[in-house]
Structure formats: C-alpha cells, structure tokens
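**Q** Just need the structure, nothing else, for what follows:
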Amino acid sequence: MEPMMSLYGRLSLVASWLLFGLALGCGPLMEPRLDATSEETLRTSLNQMVSGMSEIERREFIADARSMLIMTGARSQQHVDALNGIETPPVEVLKPLHGMTVTEIRAKVADRNTRMAESFERSRQMGDEIKAKAHAGMPEMHRPFAP
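**A** Numbers count the residues shown, from 1 in each chain. Got it, this is the predicted structure:
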C-alpha cells in the first residue's frame, strides 16, 4: 500500500503534469479546453493548453489553476478524502476545471481577486466609520492618541 499523498503533493503532481505537457501538443485553431474525463484526455488537453506558453506564462497558469481549485472547493474535498484515507486521482482533482480554457480560468481568478479586493476595501471603510463614531462619542480625555 502506497503512503497517502498530501494535498500539497497532489497539487504539485498536477503542476508537474502541466509542465510535463509542455513538450507535446499542437495548438488547434480554437483555444483548447481542459478535458478531465480520463487521465489520458487530461494529459492530452493539458499538453495542448500549455503548448506555446513561455515558462513565466506556464507558472502563472499553474498558479491560477491552483487558485481556481481552491476557490471551487476542491481543496476542502481533498482534505476530507485524505482524512478518510481516500487517494484522489488527478482527474478528480481537476474536475472543477473541466471544459474551461486557460483564458476562462485566468478570467475567473482575476474576477475573484477583484471582488475580494473590493470586499476588503468596503470592510476597511466600515471599520474606519465605526472608529470615527466611537471617537466622536468619547470624552476628549478618554480618546486614544491615534484617531
């Protein structure tokens, strides 16, 4: 029985598959989509998706794909599986990205990052407003030094 691979190990394996695919693949006229129906189709589609990318573009794509997997909840399900002693095959790890192109993955990650930044800014502004109201209601001698 093989030892269980950690979540980080599985994501690294997926990243390795992405990098492995660099040597193969020929770019079709349409942007290739991830096909996570089997290990063979996964390998072939990943090869097609990353062909023609520079090393920097590949690394950025891998980071976006990892981010997308975490965003879709794949990470939490893998954690549950790992606790239950279930090994998650790479095809199952990438199922949430099935049918997506590199452009779609990057766009979803960028959209999520924008929404998170906007949410953070709204939270910061609300915090500033609460502090201002709290300071306004305190007698001068009890106010903190920094407004």
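
**Q** who touches residue 101 in this structure?
**A** 31, 32, 33, 34, 49 (CB atoms under 8 Å, 6 or more residues apart in numbering). Yep, even glycine has a C-beta here, placed from its N, CA and C like the rest.

**Q** Could you report the pLDDT at residue 73?
**A** At residue 73, the pLDDT value in this model is 69.

**Q** so residue 105 makes contact with residue 69?
**A** No: with contact defined as CB atoms under 8 Å, residue 105 does not count as touching residue 69 (9.8 Å).

**Q** higher neighbour count, those two?
**A** Each of residue 105 and residue 69 has its neighbours counted (other CB atoms under 10 Å); residue 69 has more, 23 against 19.

**Q** do you know how far residue 71 is from residue 97?
**A** 10 Å (CB to CB, to the nearest Å).

**Q** The two: which is more packed in?
**A** Neighbours per residue, other CB under 10 Å: of residue 71 and residue 97, the larger number sits with residue 97, 22 against 15.

**Q** Quick one: low-confidence residue ranges for this structure.
**A** Regions of the chain meeting the criterion pLDDT under 70 cover residues 1-29, 73-89, 137-147.

**Q** That one: helices as residue ranges?
**A** 7-20, 39-50, 55-71, 74-83, 90-93, 102-136 (DSSP state H).

**Q** quick one: contacts for residue 35?
**A** 41, 42, 44, 45, 98, 99.
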